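Peer 1: output the structure for:
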Amino acid sequence: MSILHGSFLIKKEEKYFIIWGEKWRNIEKEKFDLEAEFLYIYPFLIEDKQELGELLKQNSLGGIISDEAINNEDPESFWQWEMALFPVQKKPKSKTVIPLLYEHYLGISNKLSSVILYPWDVCGVKLSMDQLLRLLQQLPLNKVDYIAPDLRFWSHVYRWSLDLICRQKFIPSIDEKNNCFWQPLLDSNIDQGRLAHFIQLMPSICRCYVENEDDPNIPQQKLILEFLATILDAQIRCLLTNISTPVNNELMVQTWLESLNSEEKSKCHLSSLDNKRLQMAFDNWTLPIQENLISSDYQLVKKQYRLCFKLQPPSGQNQTDNYDNWKLDYYLQAIDNPDFLIPTEQIWLHPHPQLEIGDRIIDNPQEIILKGLGLAAKFYEPIAESLQESMPNYCSLNAISAYQFIRSAVWQLQDNGLGIILPNGLNSGVDEKRLGVKIEAKVNLKKGERLNLNTLLNYNLKVAVGDKTLTKKEFQNLLAQKSPIVEIDGQWLALQPADVKAAEDILNNTDSGTNLTVEDALRLSSGNSETIAKLPVVAFESSGALADLINSINDNQKVEVLSSPKDFQGTLRPYQELGFSWLYFLQKWNLGGCLADDMGLGKTIQLIAFILTLKEKKELNKPSLIVAPTSVLNNWAREIKKFAPSLNALIHHGDNRSKEKEFVKTSKKLDIIITSYSLVYRDFDTLNLVEWQGIILDEAQNIKNPQAKQTQAVHELNSEFRIALTGTPVENRLSELWSILEFLNPGYLGTQQFFQRRFTLPIEKYGDQHSLQTLRSLVQPFILRRLKTDKNIIQDLPEKQEMNVYCGLSSEQAQLYQNLVDESLEKINETTGIKRHGLVLTLLMKLKQVCNHPAHLLKEEKLNFSSRSGKLLRLEEMLEEVVAEGDRSLIFTQFAEWGNLLQPYLRKKLGVEVLFLSGSTKTEKRQEMVDRFQNDPQGPPIFILSLKAGGTGLNLTRANHVFHYDRWWNPAVENQATDRAYRIGQKQNVQVHKFVCSGTLEEKINDILESKQQLAEQTINSGEDWLTNLDTDQLRELLILERSAII
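Peer 2: Numbers count the residues shown, from 1 in each chain. Predicted structure coming up:
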């Protein structure tokens, strides 16, 4: 996979932005001289402009650069070459260096003494301002693999410029060279804090571009401020495009305004005298904010001190009698240490240009105070009145004035860079004290009644401030003080009229009209902010059964772990016992849950153990419906028969499936019915006749589209409990997450429109971490996901897991299979000797091709529909999960022509690069593919290999999944192929998936091999030749197609 870089460059008079691409390649045979007198091209650079253009298109950025520009044969029109200093590793006792891929040297440059900076030649696209704006607008803020940290960093600074424009934090300007421009105004504490934050976070690669190797790196602050000013100026000019320039009678001002309103940054034609006059007027206009303007060398004046206002509450023993005695004191405050405060009185008494206190020297302290007071007077009248004094030190306030200061003046003063200190409890944000409501809740269940999300709570509301609950008398005493600001246990509280009215209603037992349910309790216990009875909920306490539910659901480790069911034919690992116990716990409370364990951790057997537990406890009174992809219906039936033969199960599928009354009658004798997603919609009227105890969705990502008919049909079926099984990380796909949770617990995450507005847009578009954390806390109780890399899981897993994957045949496959058997057996019966031997082997080969896909047998040029092949359908489903988890896979086939069909199909379907190695692959290309798969951190996740070409001699330990798509029927050969991944150097557990078509020769030969009969030994020694020795009747018995094979 390729990575897109982008950075802002400053070269003499020119400033511009370039984007360039990087991808891994094998450089083991290349040498780079430490003392070379020329620049090497960066070895991981994407030099081909078409390839860079394709990288942009693949990530929905194709419109940034036109195809005409990419295809232009003149490289000067497209490429911009730059010198960049990148970290390299110096070889010990050598004059050569080893280049490091950007992803490899992240975080190590300060740890290895052998890592040095080395100059390289890199080239990229020099973007116009219009192209840059479109690029930054389209880049997603959430983390994606193809965006490098430097480009992501500049996209965040760009978002800061949008915020400045929205808050009107910019002014027009002109310099001595008649350059007219808009510049940012960073006068607020917020923006100065953001600047410091960006300086700290800037990736080192942003400063790696130099004109000469010995050039010093541009300071972070200068680089950020230049970019901020450039991008802000361009955006304001875009916004002014359709706005006419205001008319001014003075020519020089009119010229200046027209230049500011032009599409591109430009000079205005002013004489030297006019320029000086205009600059003088500009300086006078901006005098109060001069220190917050960016200077000509793109530096902010480093402010060390500012005016600060400290609100002092009434003092004395009887505060209730003097609540009007508030005071706003004036101080000089150190910006680097807000606790360093000097009363203005002390400064007025020492009217010197410099004030020395301890190790600090303060220049012009009185000027700082006067500027601050002049600015503050514009926003708060009592400060303006205090300026009548020759040496103002404070202003006296009554309670109402103090309240107005807190509510309306504080944010304006802070936004203009002034300091504010408020009494405890009055600071806005998390520390602000406010009237709230405490909820004490429980549930009163009647005998035999089961709790569910819609169960109403029996609750009491109490007025609270923080942790303190107020009685009616205490609250009335507060109101009796007739002050908008009151003190409670040393904390000050600004009373908002609406809050006071809401609190009075609660204390007077006025019905709030709000019904609270268990669903609300779960939200509140997860920390989700809610408003009840028009007040924010500050505390939620539960008792009894409700407390038991909340404690267990918020920590699955507190769930009672049940013993494996007695009739379970197998051994469950500890994490699997917790899994089925968690499902049992949820259904006991009528709650739906999503078991989202990694592939290979045994979700199927955990579900089977759960159903079996219900039966053993005599709680399974009705059938449960398992809805699964068509490709795994038979697999479910096999697993149930293998691990829980006491469960009565039926597959509802095929042309002869029962309908309506007959189906209802049949269902009463069953514990489990298995059907497909498509049939839930087509047979909805039939399925809806049954009273289901549970509905279980396997591969639940199949309902990710809420508008799909099969999704709507699944939602409409009624049942006592609902379960979803999926191996994909659902929290990374928000639309999928909502759809699954809506199925499990309808209404819990709100409507789809609400969810899009509250979570999807903020998280996926703007990278809002607070919204992401809120969402996680909401869904965590209903999703159990264990990873195979978890410490407490990996110790339970074998190093290699081998499993058969049973797949059905499509109708087309079944017809082709049966025709081949009928036609070939007739010819085989009439021949003998070598000719018969050849006919049998040819038939076996063709039957394997049919099982692969009809297109394989029919020699079609490309694959189209996976539905034509049960195997391909299942492979696609499993690989989708593997790719989503970030794993890597090997796919073995004995047919090179099948690999040629499969590679482009999977690449298109999964949207990832797929490698294919066969006997015709040249040695150099073969090694390149192996190196990429093994060493490229963003390399292809899927590697198809023909069994003969790739079955031996390769080291492919990056793979942790091995798929044997078609079978050699020689365990020794298959094990050799598996050992490409499962060998010395493998640090992960390896899962081996052996594909078998049910009801065909594949299943029968597989059964023979696994039964360890004498024939299995013959097969190991002689491949498939033993089949040629069977007589026609034995061969017919082996090849006959069973009805269960067809899906």
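Peer 1: show the end-to-end separation of stretch 539-549, please.
Peer 2: 18 Å (C-alpha to C-alpha, to the nearest Å).
Peer 1: for Trp285, report the pLDDT, please.
Peer 2: Note for Trp285: predicted pLDDT of 84.
Peer 1: and the strands in the stretch 601-750 of the chain?
Peer 2: 624-628, 649-651, 672-676, 692-697, 719-725 (DSSP state E, counting those that start in this stretch).
Peer 1: so is Phe181 in a helix, a strand, or just coil?
Peer 2: Following DSSP: H, G, I helix; E, B strand; the rest coil, Phe181 is assigned to strand.
Peer 1: which residue, neighbours along the chain excluded, lies closest to it?
Peer 2: Asp233 (5.0 Å; C-beta to C-beta, 6 or more residues apart in numbering). Just so you know, the C-beta spots here come from the backbone N, C-alpha and C atoms, and that holds for glycine as well.
Peer 1: wait, that neighbour touches Asn179, no?
Peer 2: No - under the criterion of C-beta atoms under 8 Å, Asp233 is not in contact with Asn179, lying 10.3 Å apart.
Peer 1: now do the shared contacts for the two.
Peer 2: Both Asp233 and Asn179 are in contact with Lys265, where contact means C-beta atoms under 8 Å, 6 or more residues apart in numbering.
Peer 1: okay, these two: which has more neighbours?
Peer 2: Asp233 (23 against 14; other C-beta atoms under 10 Å).
Peer 1: same for the helix or strand containing the more buried one, what does it pack against?
Peer 2: Element membership of Asp233 [criterion: DSSP states H and E] is helix 220-239. Here helix 220-239 touches strand 3-11, helix 129-138, helix 149-166, strand 179-184, helix 189-201, going by 3 or more C-beta pairs under 8 Å, 6 or more residues apart in numbering; DSSP states H and E.
Peer 1: taking strand 179-184 as reference, get the angle to the third one.
Peer 2: Translated: helix 149-166. 90 degrees (axes from the mean of the first three to the mean of the last three C-alpha atoms, to 10 degrees).
Peer 1: next helix or strand past helix 149-166?
Peer 2: Later in the chain than helix 149-166, the nearest helix or strand by DSSP H and E is strand 170-174.
Peer 1: chain center to that following strand, what's the gap?
Peer 2: Relative to the chain's own centre, strand 170-174 is displaced by 39 Å; criterion: C-alpha atoms, centre = their mean, to the nearest Å.
Peer 1: still on that earlier bit, tilt between the helix holding Asp233 and strand 3-11?
Peer 2: Using the same axes, to 10 degrees: helix 220-239 against strand 3-11 is 100 degrees.
Peer 1: for helix 220-239, give the mean pLDDT please.
Peer 2: Averaging pLDDT along helix 220-239 yields 92.
Peer 1: identify the residues contacting it?
Peer 2: The contact list for helix 220-239 (C-beta under 8 Å, 6+ apart) reads 8, 10, 15, 129, 132-133, 136, 154, 157-158, 160-162, 164-165, 170, 181-184, 195, 198-199, 202, 206-207, 260-265, 294, 297-300.
Peer 1: and if you look at stretch 785-805?
Peer 2: Residues from elsewhere that reach stretch 785-805, judged by C-beta under 8 Å, 6+ apart: 573-575, 579, 596-598, 600-601, 635, 729, 731, 874, 878, 978, 982, 986, 988-996, 1006.
Peer 1: in that stretch, which residues are buried?
Peer 2: Within stretch 785-805, the residues that qualify as buried are 785-786, 788, 790, 793, 797, 802, 804-805, counting by 16 or more other C-beta atoms under 10 Å.
Peer 1: can I get the CA coordinates of it in PDB?
Peer 2: Output in PDB follows, covering the C-alpha atoms of stretch 785-805 (Å, rounded to 0.1, in the frame of the first residue of the first chain):
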ATOM      1  CA  ARG A 785     -14.900  -8.800  21.400                       C
ATOM      2  CA  ARG A 786     -11.800 -10.900  22.200                       C
ATOM      3  CA  LEU A 787      -8.800 -10.800  19.900                       C
ATOM      4  CA  LYS A 788      -6.500 -13.700  19.200                       C
ATOM      5  CA  THR A 789      -3.600 -11.400  20.300                       C
ATOM      6  CA  ASP A 790      -5.100 -10.900  23.800                       C
ATOM      7  CA  LYS A 791      -2.700 -12.300  26.400                       C
ATOM      8  CA  ASN A 792      -5.400 -14.200  28.200                       C
ATOM      9  CA  ILE A 793      -6.700 -15.600  24.900                       C
ATOM     10  CA  ILE A 794      -3.400 -16.500  23.100                       C
ATOM     11  CA  GLN A 795      -2.300 -18.800  25.800                       C
ATOM     12  CA  ASP A 796      -5.500 -20.900  25.300                       C
ATOM     13  CA  LEU A 797      -5.000 -21.200  21.600                       C
ATOM     14  CA  PRO A 798      -2.900 -23.900  19.800                       C
ATOM     15  CA  GLU A 799      -0.100 -22.500  17.600                       C
ATOM     16  CA  LYS A 800      -1.900 -24.000  14.600                       C
ATOM     17  CA  GLN A 801      -5.600 -24.400  14.100                       C
ATOM     18  CA  GLU A 802      -6.800 -26.600  11.300                       C
ATOM     19  CA  MET A 803     -10.400 -26.600  10.200                       C
ATOM     20  CA  ASN A 804     -12.600 -27.800   7.400                       C
ATOM     21  CA  VAL A 805     -14.700 -25.200   5.600                       C
END
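Peer 1: using CSV, write out every CA atom in stretch 153-167.
Peer 2: The C-alpha trace of stretch 153-167 is given here as CSV (Å, rounded to 0.1, in the frame of the first residue of the first chain):
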residue,chain,number,x,y,z
PHE,A,153,-0.9,17.6,10.5
TRP,A,154,-1.4,20.3,7.9
SER,A,155,-5.0,19.3,7.5
HIS,A,156,-5.6,20.0,11.2
VAL,A,157,-3.9,23.4,10.9
TYR,A,158,-6.2,24.0,8.0
ARG,A,159,-9.2,23.2,10.2
TRP,A,160,-7.9,25.7,12.7
SER,A,161,-7.9,28.4,10.0
LEU,A,162,-11.6,27.6,9.3
ASP,A,163,-12.3,28.1,13.0
LEU,A,164,-10.5,31.5,13.0
ILE,A,165,-12.6,32.6,10.0
CYS,A,166,-15.8,31.5,11.7
ARG,A,167,-14.8,33.6,14.8
